[in-house]
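Enquirer: Predicted structure and sequence below. I'll ask about it afterward.
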Amino acid sequence: MKLHEALRNIFRKFGLEVLEDGRFQGFLADYRAYDEFPAMRQVMRSLADGGYGKELGSRIRNGNDADVRLYGDYLKKALSAALNFKTEFASYAVDSIFFAMGFTGSVQEPRDHGFDASAESAAWDMGSYGCSQSGLSSGGRTDGSAPEKQRCGSRDPAGILREAEEGNADAQIKAGDLYCFGYCSPRDFDEAAKWYRKAAVQGDVSGEMRLASLYESGFGAERDLTLAAKWYRKAAEQGDSGAEYKLAQMYESGTGVSEAPAEAAKWYRKAAEQGSAAAQRALGSMYCSGAGVPEDWAEAMKWLRLASINGDPAASDLLDCLVMHYKTNARVRWVIS
């Protein structure tokens, strides 16, 4: 069930007060609200933990529709600007609540089916591990764009393809990139997947990551989250921090694999120890909630502080929220002092 549909059912059953209920995330999980857009788990958790849901519920009960809509606009900006979530995820979170309340009859669903809602993950999608999903035709073999000669640069496509045919894994990655990013040729995701697969079966980490990304997105291959998890695991087992982080997200959300919080925490830790700020933030959050690890405020603060130092803006906001929310709690007063 999609998030906005799950929220409608939850509101009908429990009322708007559920936004202030500590069981709210559990209810969403029961309705499998994150199956299609697993990244929304991060957004809805921040919405609840940051007190935004409570404030929204209060404004709704006051009965001023204009004020509610104004706060909704503010909330979208807060989720995207202050907490650094992608705009499409921030908008979907707020619009889903409005849909469930009957304020709107439809919502714009995100195009991104990935696991990370943070804005910086867009750079990962476009970086060294896989094709950019921005501007692509959904499910199409190619986006039909003409090759951009200025992007060809010093690349020698004929030479790259010749070496790729000879079994050179590095050349196979480069061949996949030619088609994936439209270097020297029109974008063709089927061809990109073919070359990434050839490199992946040789145990090349970049090939494994790129192939996993295509299975996750459904470009160049039928969308298959089980196979995505398989190839992320292969790369993670070779120590790739990006793969460790992606695999942890899959275990946390139960997407492509059985939900296993302890396994998620294990892979988050591996990535966090390699300096991944996003993994440090995720691990800190798990220590806050006691999911997959024993509840430990000292460890939570340690990892959130590291993530914040390493430039994760969402971690900074979580840290501030944690300090404000628990500053009167004797169990953690010594941790945040």
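Expert: Yep, that arrived.

Enquirer: show me the residues around residue 225 that make contact.
Expert: 215, 216, 250, 255, 256 (CB atoms under 8 Å, 6 or more residues apart in numbering). Bear in mind the C-beta positions are built from the backbone N, C-alpha and C, glycine included.

Enquirer: Could you report the pLDDT at it?
Expert: For residue 225, the pLDDT comes out at 89.

Enquirer: try residue 263
Expert: The model's pLDDT for residue 263 equals 97.

Enquirer: same question, residue 162
Expert: 95.

Enquirer: so which strand or helix has it?
Expert: According to DSSP states H and E, residue 162 maps onto helix 157-165.

Enquirer: contacting residues around residue 28?
Expert: Contacts of residue 28 by CB under 8 Å, 6+ apart are 3, 6, 7, 10, 34, 41, 44.

Enquirer: among the contacts of residue 225, which are in helices?
Expert: 215, 216, 250 (DSSP state H).

Enquirer: Where does confidence bottom out across these?
Expert: The member of the ones in helices among the contacts of residue 225 with the lowest pLDDT is residue 216, at 82.

Enquirer: That one: neighbour count?
Expert: Applying other CB atoms under 10 Å, we find 27 residues neighbouring residue 216.

Enquirer: try residue 92
Expert: Count around residue 92 with other CB under 10 Å applied: 28.

Enquirer: Test my guess that it contacts residue 40.
Expert: Yes: assessed by CB atoms under 8 Å, residue 92 is found in contact with residue 40 at 6.8 Å.

Enquirer: so what sits against both of these two?
Expert: With CB under 8 Å, 6+ apart as the test, residue 92 and residue 40 both reach 3, 110.

Enquirer: pLDDT value on residue 98, please?
Expert: Confidence score, pLDDT, at residue 98: 86.

Enquirer: Where does it fall, secondary structure wise?
Expert: Per DSSP H and E: helix 87-101 holds residue 98.

Enquirer: Counting neighbours, which bits of that helix end up buried?
Expert: 88-101 (16 or more other CB atoms under 10 Å).

Enquirer: Of the contacts of residue 225, select the buried ones using a ChimeraX command.
Expert: A single ChimeraX command selects the buried members of the contacts of residue 225 (16+ other CB under 10 Å):
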select :215,216,250,255,256
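
Enquirer: now the contacts of residue 225 in CSV, with distance to residue 163?
Expert: Listed next are the contacts of residue 225 as CSV, based on distance: CB to CB, whole Å:
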residue, distance to residue 163
215, 25
216, 28
250, 33
255, 36
256, 33
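
Enquirer: which among the contacts of residue 225 gets closest to residue 18?
Expert: residue 255 (24.0 Å; CB to CB).

Enquirer: Closest to residue 301 out of the contacts of residue 225?
Expert: Scanning those for proximity to residue 301, where the rule is CB to CB, the winner is residue 250, at 26.4 Å.

Enquirer: any idea how this protein splits into domains?
Expert: Residue ranges for the domains of the chain, per automatic domain parsing: 3-101, 121-223, 241-329.

Enquirer: surely residue 204 meets residue 173?
Expert: Yes: with contact defined as CB under 8 Å, residue 204 counts as touching residue 173 (6.7 Å).

Enquirer: The strand or helix carrying residue 286 packs against which elements?
Expert: For residue 286, the host element (DSSP H and E) is helix 277-289. Applying 3 or more CB pairs under 8 Å, 6 or more residues apart in numbering; DSSP states H and E, we find helix 277-289 packed against helix 241-253, helix 261-273, helix 297-309, helix 313-326.
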